[in-house]
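[1] The sequence and its predicted three-dimensional model are supplied below.
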Amino acid sequence: MRNWLNLNLLILALVFFVACAGKATVKNTNAVISNQQISKEIENLKNSQDYLIQAGDLVEIKVYQEDDMDRTLRVATNGSITFPLIGNIKIAGLTVSAAEQSLENALQAYLKTPSVSFLIKEYANKTVYVLGEVKKPSSISILPEKTMTLLEAITSAGGFTDVAAISKVKILRTENGVQKSIEVDVSRITKEGNKQYDIPLKPADIVFVPQSLF
């Protein structure tokens, strides 16, 4: 009877282990989500337009039918720009669309239905960091007009060490003051050719490769 009970407990434990091991996860703060949700999250990250303007960014601003107001400005260290009619206005920490709306709201005191467009001409911080079990942990600068994916960053850092946990690579990203931890199984890219897991990195992202426990 005891042997039968032990055997059943062992089977249950193995089933639980296999079920857990089969899940790819993205950790957003402390949440763990399913394989279906990870695909949606990754797709959202690829299509994301929520880059937050930073001090030092070079922005091109145009006001519809007001060519004399067009400006290319560097965001000051305090996060503001100086714009015609409205003077200093803070735009750091805003998305492009939010900055456009902020300027439009401020210009309404002087113009009828102003329409503002923003273009980031140069990013102040296009550096990502690759740490942990890679052969050459380093910071990697990305040209303003270029993008870099997770796998490209790891390759630039010399690739994985022999003890890297390639199924548990983490991208640490801060958005709106909240840190996200995105866990990616890189073998899904390298062995299965599943490119949707090869997430484009954002400025200041940290790629961390943990050590394998086995």
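    Sure thing, it's come through. Residues are numbered from 1 along each chain as shown.
[2] which residues sit in contact with S102?
    89, 91, 94 (C-beta atoms under 8 Å, 6 or more residues apart in numbering). From N, CA and C alone the C-beta is placed, and that goes for glycine too.
[3] quick one: which of the residues you listed is most hemmed in?
    Highest neighbour count within the contacts of S102, by other C-beta atoms under 10 Å: I91, with 27 neighbours.
[4] Can you tell me the SS state at the residue nearest to that one when sequence neighbours are not counted?
    Nearest residue to I91, sequence neighbours excluded (C-beta to C-beta, 6 or more residues apart in numbering): A99, at 4.3 Å. Taking DSSP: H, G, I helix; E, B strand; the rest coil as the rule, one finds A99 in the helix state.
[5] and A99, how many neighbours does it have?
    Per other C-beta under 10 Å, the neighbour tally for A99 reads 24.
[6] Do I have it right that it meets I120?
    No: using C-beta atoms under 8 Å, A99 is not in contact with I120; the gap is 9.7 Å.
[7] Quickly list what's touching both of the two.
    53, 59.
[8] quick one: V75 from S181, how far?
    Separation of V75 from S181 (C-beta to C-beta, to the nearest Å): 28 Å.
[9] Between those two, tell me which one has more neighbours.
    Shown here are V75 and S181; by other C-beta under 10 Å, V75 has more neighbours (21 against 17).
[10] so who does the more buried one touch?
    Residues in contact with V75 (C-beta under 8 Å, 6+ apart) are 53-59, 81, 91-92, 124.
[11] Just the buried ones from those residues?
    Buried by 16 or more other C-beta atoms under 10 Å: 53-55, 57, 59, 81, 91-92, 124, out of the contacts of V75.
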